[in-house]
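Participant: What follows is a predicted structure for the sequence shown.
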Amino acid sequence: FDSGNAFLYGRLRLKNASGSQLITLPVPIETQYWNGSGFVTNTLDNCTTIAFGNIALGNYQPNLGSGDTNPSIGGAFSAGVGTLKLSPPGAPKRGGVDVTVDLTGASKTYLQGAWSGATYTENPTARATFGVYGISDRFISQRENF
């Protein structure tokens, strides 16, 4: 039934992200598969897509609110890695927000994981924080690459 295609047991993973409240924040997102001893990035995945409508933001802390930041997601994954970004909330806004991919609504429940339990029925969630790490006056120079 597989016509010679390989089938892998996998999941979608989001990783936490933090950065300045003045620039776009990339949120790491990737498809992974079980290689027998752990989950690894599925570098053969060049077709998974997530629709904008399946990205949810919530649990805003401490002075971020709905509408302060907006998600964007671009095209098909490349070598198992997707592009998910949050718009900057601006100078006076600092704090965090939970980012969740609704895989049930996307009809991709096969990418759900066991994030807090023993069953693979949970959508991936990550925490994105803006401007929570202040600039220290102890640095002569600091460079950040995004």
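Facilitator: Yep, it's here. Residues are numbered from 1 along each chain as shown.

Participant: right, and Thr100 touches Arg127 too?
Facilitator: No. The pair Thr100 and Arg127 does not pass the contact test of CB atoms under 8 Å, sitting 10.6 Å apart. In short, each C-beta sits where N, CA and C put it, glycine included.

Participant: Quick check: which element contains the residue lying closest to Val81 once chain neighbours are set aside?
Facilitator: Spatial nearest neighbour of Val81, excluding adjacent residues (CB to CB, 6 or more residues apart in numbering): Glu30 at 5.0 Å. Here Glu30 sits within strand 29-34, counting by DSSP states H and E.

Participant: Relative to Asn46, how far out is Asn123?
Facilitator: Distance, Asn123 to Asn46, using CB to CB, to the nearest Å: 23 Å.

Participant: and Thr129, how many residues sit next to it?
Facilitator: Burial of Thr129, expressed as a neighbour count using other CB atoms under 10 Å, amounts to 18.

Participant: Okay, and the beta partners of Val27?
Facilitator: Beta-bridge pairing for Val27 (DSSP bridges): Leu84.

Participant: Output the below-cut-off pLDDT ranges for this protein.
Facilitator: Counting by pLDDT under 70, the chain has low-confidence residues at 1-2, 133-142.

Participant: For it, which segments count as helices?
Facilitator: For the chain, applying DSSP state H gives no helices.

Participant: in it, which spans are strands?
Facilitator: Taking DSSP state E as the test, the strands found in the chain are 10-14, 17-19, 25-27, 29-34, 39-41, 55-62, 71-78, 81-86, 95-101, 125-130.

Participant: Check which residues of the third one are buried.
Facilitator: Residues of strand 25-27 classed as buried under the neighbour-count rule (16 or more other CB atoms under 10 Å) are Leu25, Val27.

Participant: so Pro89 touches Phe130, yeah?
Facilitator: Yes. Using CB under 8 Å, Pro89 is in contact with Phe130, at 5.5 Å.

Participant: between the two, what contacts are shared?
Facilitator: Counting by CB atoms under 8 Å, 6 or more residues apart in numbering, the shared contacts of Pro89 and Phe130 are Gln21, Leu64, Thr69.

Participant: What subset of the residues you listed is buried?
Facilitator: In the shared contacts of Pro89 and Phe130, the ones that pass as buried (16+ other CB under 10 Å) are Gln21, Leu64, Thr69.
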